[in-house]
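J.: I'll drop the sequence and a predicted model, then ask my questions.
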Amino acid sequence: MRTIRFVGALLGVGLLLGAQKAEAAYTFATVGHSSSQADLSYVNGGASASLVNDGGTATSTIVSFNFSNDFPFALPPGVAPPQTANAYFTINATTTTPAVVTATNVIQDGITGSMEFRNIADGSLLLRVTFTDAEITGRVSSPTGSFTDAQFLTSNVVFTSDYFAVSPQVGNSFAIGLDNVTPVFGGTSGSFLTSFTANIGGPFSTGSRDFLTPTPAPQSLVLLLTAIPALGIGGYFYRRRLTVDSAALAD
């Protein structure tokens, strides 16, 4: 009987995984290059390599950010599709995994860190992406490539935002194209890639459109936090007045 139950459980898990794999991922946002300077810097540090936004500060890199036209709920003016939001882009990631460089291709694995896109207009967090084991791929001597990460059931890609929540964090991925790679891709296998700068552009996706739910806007939270004490104080004085009026009637 235990064997039958165990086999049944395995079959159930297999069906669940198959159903999730069959469901197409939902792209909820895209980012694009929008300024005259590079967006991303890959820095070969000798014992490790790092990714930072070009300029390295919280406001030095500006990109365009779009939520998808079929976003599952209404977004506030200024970020609602099809409007493009100008965003500050920051990234902080590292790897100690040596690159693989062949006669034709380059692969840099093991990149772990996070990146953020903040609305320039009000500082709100459009999207934060926390990732592990992302990779850069391209062709030797090419000015184009990709920076990608994906996950099925593990949590190596996690999305957070001031505008929405993702639950469950399943099927998350990003596929950022790298353009105008300068200098072109190169390096030594067993070490790291040659340092370069690049422009970015590409989508962010999750396992299903239904995984996205709205979160209160920061202004709504402030109003809520100020309203709750006010309601408490108002209730106190209302109850006090009732007590006083009752005592007066009794006299």
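T.: Arrived safely, thanks for sending. Residues are numbered from 1 along each chain as shown.

J.: now the element after the one helix or strand in the chain whose mean pLDDT sits lowest, going C-ward?
T.: The least trusted helix or strand in the chain, going by mean pLDDT, DSSP states H and E, turns out to be helix 2-22, with a mean of 41. Where DSSP states H and E defines the elements, the next helix or strand beyond helix 2-22 is strand 26-33.

J.: flag every buried residue along that following strand.
T.: Residues 26-31, 33 are the ones in strand 26-33 that count as buried (16 or more other C-beta atoms under 10 Å). Where C-beta positions appear, they are placed from N, C-alpha and C, glycine not excepted.

J.: equivalent analysis for stretch 174-194, please.
T.: Across stretch 174-194, burial judged by 16+ other C-beta under 10 Å covers 174-178, 181, 184-185, 187, 192-194.

J.: same check on stretch 141-160?
T.: 143, 145, 147-151, 156-157, 159-160.

J.: what's the neighbour count on the residue nearest to residue 105 when sequence neighbours are not counted?
T.: Excluding the flanking residues, the one nearest residue 105 by C-beta to C-beta, 6 or more residues apart in numbering is residue 139, at 5.8 Å. Residue 139 has 14 neighbours, counted by other C-beta atoms under 10 Å.

J.: give me phi/psi at residue 139?
T.: The main-chain torsion angles of residue 139 are listed as degrees, to the nearest 10 and equal phi -110, psi 140.

J.: give the rounded mean pLDDT of stretch 134-153.
T.: Stretch 134-153 shows a mean pLDDT of 93.

J.: any idea how far that stretch is from the middle of the chain?
T.: Stretch 134-153 sits 17 Å away from the centroid of its parent chain (C-alpha atoms, centre = their mean, to the nearest Å).

J.: skipping adjacent residues, who's closest to the spatially most central residue of the chain in space?
T.: Nearest residue to the geometric centre of the chain (C-alpha atoms, centre = their mean): residue 129, 2.7 Å. In space, and not counting its chain neighbours, residue 129 is closest to residue 115: 5.1 Å by C-beta to C-beta, 6+ apart.

J.: the one you found reaches residue 87, doesn't it?
T.: No - counting by C-beta atoms under 8 Å, residue 115 sits too far from residue 87 to count as a contact (10.9 Å).

J.: if we can go back for a sec, dump the buried residues of stretch 174-194 into JSON lines; add pLDDT and secondary structure as well.
T.: As requested, these are arranged in JSON lines below (pLDDT from 0 to 100; DSSP: H, G, I helix; E, B strand; the rest coil):
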{"residue": "174", "pLDDT": "97", "secondary structure": "strand"}
{"residue": "175", "pLDDT": "97", "secondary structure": "strand"}
{"residue": "176", "pLDDT": "98", "secondary structure": "strand"}
{"residue": "177", "pLDDT": "98", "secondary structure": "strand"}
{"residue": "178", "pLDDT": "98", "secondary structure": "strand"}
{"residue": "181", "pLDDT": "98", "secondary structure": "strand"}
{"residue": "184", "pLDDT": "98", "secondary structure": "coil"}
{"residue": "185", "pLDDT": "98", "secondary structure": "coil"}
{"residue": "187", "pLDDT": "96", "secondary structure": "strand"}
{"residue": "192", "pLDDT": "97", "secondary structure": "coil"}
{"residue": "193", "pLDDT": "98", "secondary structure": "strand"}
{"residue": "194", "pLDDT": "98", "secondary structure": "coil"}
